[in-house]
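1. show me the folded form of this:
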Amino acid sequence: MADKLEGRVIVPSNSKGKVQLIVEDKKEKIKVTNTNWNPGSPTMQTEAENYIAQAVKDGIIQASHLKDLQSGAMTTDRLIGLYITIQQRRSK
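-> Next comes the predicted model:
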């Protein structure tokens with residue numbers, strides 16, 4: 001079965017113009033899910049835990065963040081947000 005080509009056709013009013021087919025590209029939408037952080041490296045996990053633990057020790061963030069990281073409940077976007085928050089709070 002052939003794919004359908006959908007769009008607009010513009011027919012000129014005189015013979016000097018060209019017939020135009022205007023097709024809008026229908027981009028495939030990619031659904032991004034909020035997945036738990038999976039560093040794929042024990043060293044990366046350890047370094048992330050050390051970084052978060054130091055921020056907890058310094059009173060910059062709550063200890064619950066470290067617990068979530070250690071238990072595997074931390075999402076990637078949340079970890080990035082925490083990193084930004086920690087950096088901003090340390091720079092003040």
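
2. rounded mean pLDDT for the one helix or strand His65 maps to, please.
-> Using DSSP states H and E, His65 falls within helix 63-71. Predicted confidence along helix 63-71 averages 94 (mean pLDDT).

3. what helices or strands is it leaning on?
-> helix 42-57, helix 76-90 (3 or more C-beta pairs under 8 Å, 6 or more residues apart in numbering; DSSP states H and E). Quick note: C-beta positions are derived from backbone N, CA and C, even for glycine.

4. which parts of that helix are buried?
-> Of all the residues in helix 63-71, those buried under the rule 16 or more other C-beta atoms under 10 Å are 65-66, 68-69.

5. neighbours of Ala53, just the number please.
-> Counted with other C-beta atoms under 10 Å, residues neighbouring Ala53 total 15.

6. how about low-confidence regions in this protein?
-> For the chain, applying pLDDT under 70 flags the ranges 1-7, 12, 14-21, 23-34.

7. of the helices and strands packed on helix 63-71, which is nearest Thr35?
-> Checking the helices and strands packed on helix 63-71 against Thr35 by C-beta to C-beta gives helix 76-90 as the closest, at 6.2 Å.

8. what is the most widely separated pair among the buried residues of helix 63-71?
-> Between any two of these, the greatest separation by C-beta to C-beta is 7.3 Å, found for Leu66 and Asp68.
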